[in-house]
Each structure stands twice: as C-alpha cells, then as structure tokens.
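Novice: Predicted model, plus sequence, below.
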Amino acid sequence: MQLTSPHRIRESLTAATCTLLSIDAAHAGFFDYDSLWNIDSAVLLYSEQNRVDVVEPVLQIKKEIGEGEFVTVKFVYDAMSGATPNGAAPTSTTQTFSSPSGESRYTTAARQLPLVSFTDARAAVSVDWELPLSRTLRSQYNVNFSRETDYSSMGASGSLLWDVNSKLTTLTAGVAANLDQVKPTGGMPTELSPVMMTPAPTNRVTTREIEDGGEGGGSGGGSKTKNAYDILMGVTQVLTRRTLMQLNYSYGKSSGYLTDPYKIVSVVNSSGVTQSYLHEKRPDTRTRNTLYWKTVYHLPEDVVHVSYRYYWDDWDIKSSTVDLTYRLQLGTHFYLEPHYRYYTQTAANFFTH
C-alpha cells in the first residue's frame, strides 16, 4: 500500500541515480556481437538512514542500424520503500495521523519531524535514436514512458549537435516535452481545504487524525495532469589535449497540477502551537532557468570532473550546486571515484511559517 509520492522521492535522488546509473561497456556487463549489438546492465543500491531505500536494476540494449546511426532501448525498474516527511510541523506534543488511504495510522513523538512510511515500484522504458545528418551535423531523438501506482509520465525530446572549428567545438540545441498524470491514493484532495481532525480527549491540541478527502477536505476528482516544456542551448569546447569544457543554458515551463497531493500544512498560533491542518497548495505554473558549467581534465592516469549549476525560477527559488569527482585509476580493470557535492537553496516566495 502506497502512503506517499515516490515521484517526489525520485526527484531528491536525481543526483545519485545520474551518477551511479551511467552505464557503458567499461563499467557494466558487456556483450558484443560483430560490433553491432551492445548489451549493458547495472544495479543501483541506494539507502538513507531512517529514510529511503531504493533498488534499481537497469538494462540497456544498443544496436547500430546504419553507419553512425544507433538505436538504444533502456529498461528501468525501481523498488522503493522508506519514510518521508508528510509536511506537518513538529510540535511539543504527540501527533497521530492516518495514511492517505485512511486504512492505517501512525504516531509521531513530541518534537519529532512527522514521517510517513511508503512503498512503491516504478517501471520505465525509453528509446533513443542517433542519426547523422552530415559530416558535422548529428541529431538525437528520445521517447520515454514510466508508470507507478499513482503517477504516469510520457515524454519526447529532440536535439541537434553541430561540430565546427575542426570539430573542436560542438553547438547543441534541443527541445523536450512531458505529459504527466497524477492519481493519488485516497483521491485528489481539495487544495487548502481543512484536513479532518479529531481532538484528544482534553481541549488541548495534542492529537490529530489526518485523512485525505476527509471532513471539510472534499475531493477534487480522481486525477489531474501537468505539462512540462524545456529548451536547451549549449556549447562544448576542446581547450587542450587534456581539457574539455561545457556550458549550457536551459529554459523550462511547467503548468497544471504542481502540488504534492500527500503533503499537508500545519496552521500554528503565535506561540507555535498547531491549531489545524490544511491540504497543501502550490501555484499551477512555473518557469525555470538553469546555467550549467562543467570541465573535465584528464591527468596522465586519472580524470577530474568539476561542475557548477545555478538555478532560478519565478517562485523565487534560487539554488547552487557544486559537484566534484576524482577518478583514481587502480590498474587496468578497476578505479575508485570519490564524489563531493554541495547544494544550497532559498525558500519559495509563498513559503511562510
């Protein structure tokens, strides 16, 4: 039984999955048939203490169907479990909540962050097509689909890569679109509506029962959709025999249902005591901007990757991410790669305590 949105969990794991699931013949199982077929496999094992556990096997099949023309099919399966914040604020007293389906209850001790347990699985498939258009111009296309208990997503993208300056410079332009459908367990709650509450035997606010679509909460229907569109422009430059640099800018817009249907909001008084709960509400549009810079330097044996990402949107969220890896080659078949990542983010303009 699903108790929260694993789609949100996956967003928080993006950095880990992108790093650990980049699969190629050098890092994963490899099978070659007359240089036409490549079969790669990998498994991600991810764990956070007292939070999220993920097991994610991946299978990728790549075939050359023409000179410089490739088709790649990737299959991914996520098995996720653990606990995630339900959105309520910690209080000086015990809080009791029910699951989104209303079939079970869980209790959070005083002064502890309320966490709700969940378990879910996701299956995804994507198809990539690389097509050379000329000696210096290449195109790439992608379609993808994923499905889980309460969330489905389908998307498509296309990009052009143009090699100039004796192929020392590559210019990139791309577009992408996604159509997602949200169908939460327990029904679609009405945004900012009161969540059903049952006070403790005394008049003090000590215990709450929370049920999506409960008394005063209503229901906004069984499912809602959201759309996302993105464009990207970038340049990759060979600086020296050992140095490669990349700079990208992307712009995106999302619209539709952008709220997390499982999150609730604590309404507190001037003393910080919880008085009631509301279903969360977020704006239904969002524009996103990203600047991304990366440099790769190849030492005689080892490789250094350093990148910086700056993000801002019309919710007034700004974030910076610094990422550094050092690939230490240990002989012919093994390597060790320490990884450091620093992330900071500001609050949205609609955030208030």
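Specialist: The structure has been received and is ready for your questions.
Novice: C-alpha from now on. contacts and neighbour counts both.
Specialist: OK.
Novice: where in the stretch 51-200 of the chain is pLDDT low?
Specialist: Across the stretch 51-200 of the chain, the stretches falling below the confidence threshold (pLDDT under 70) are 101-102, 196-200.
Novice: Please repeat the previous calculation with a cut-off of 80.
Specialist: Within the stretch 51-200 of the chain, the segments meeting pLDDT under 80 span 98-104, 196-200.
Novice: which residues of it fall in strands?
Specialist: Assigned by DSSP state E, counting those that start in this stretch, the strands in the stretch 51-200 of the chain fall at 52-66, 69-85, 95-98, 105-108, 115-132, 137-148, 151-164, 169-182.
Novice: now, of these, which is deepest in the fold?
Specialist: When neighbours are counted by mean count of other C-alpha atoms under 10 Å, the highest per-stretch mean among these falls to strand 95-98, a mean of 21.
Novice: what's that strand packed up against?
Specialist: strand 105-108 (3 or more C-alpha pairs under 8 Å, 6 or more residues apart in numbering; DSSP states H and E).
Novice: CA atoms only for the strand it packs on - export them in CSV, please.
Specialist: Coordinates of the C-alpha atoms in strand 105-108 are reproduced here as CSV (Å, rounded to 0.1, in the frame of the first residue of the first chain):
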residue,chain,number,x,y,z
ARG,A,105,-2.5,5.2,11.5
TYR,A,106,1.0,6.3,12.6
THR,A,107,2.2,8.4,15.5
THR,A,108,5.0,10.9,15.7
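Novice: ok now it, how far from the chain's centre?
Specialist: In terms of C-alpha atoms, centre = their mean, to the nearest Å, the centre of strand 105-108 is set 27 Å apart from its chain centre.
Novice: now for that strand, which elements pack on it?
Specialist: strand 95-98.
Novice: Just checking: what are the partner strands of the strand it packs on?
Specialist: When pairing is defined by DSSP bridges, strand 95-98 lines up against strand 105-108 (antiparallel).
Novice: Gln345 touches Ser319, doesn't it?
Specialist: Yes - under the criterion of C-alpha atoms under 8 Å, Gln345 makes contact with Ser319 at 4.2 Å.
Novice: neighbour count winner among these two?
Specialist: Between Gln345 and Ser319, counted using other C-alpha atoms under 10 Å, Ser319 has the larger neighbour count: 16 against 13.
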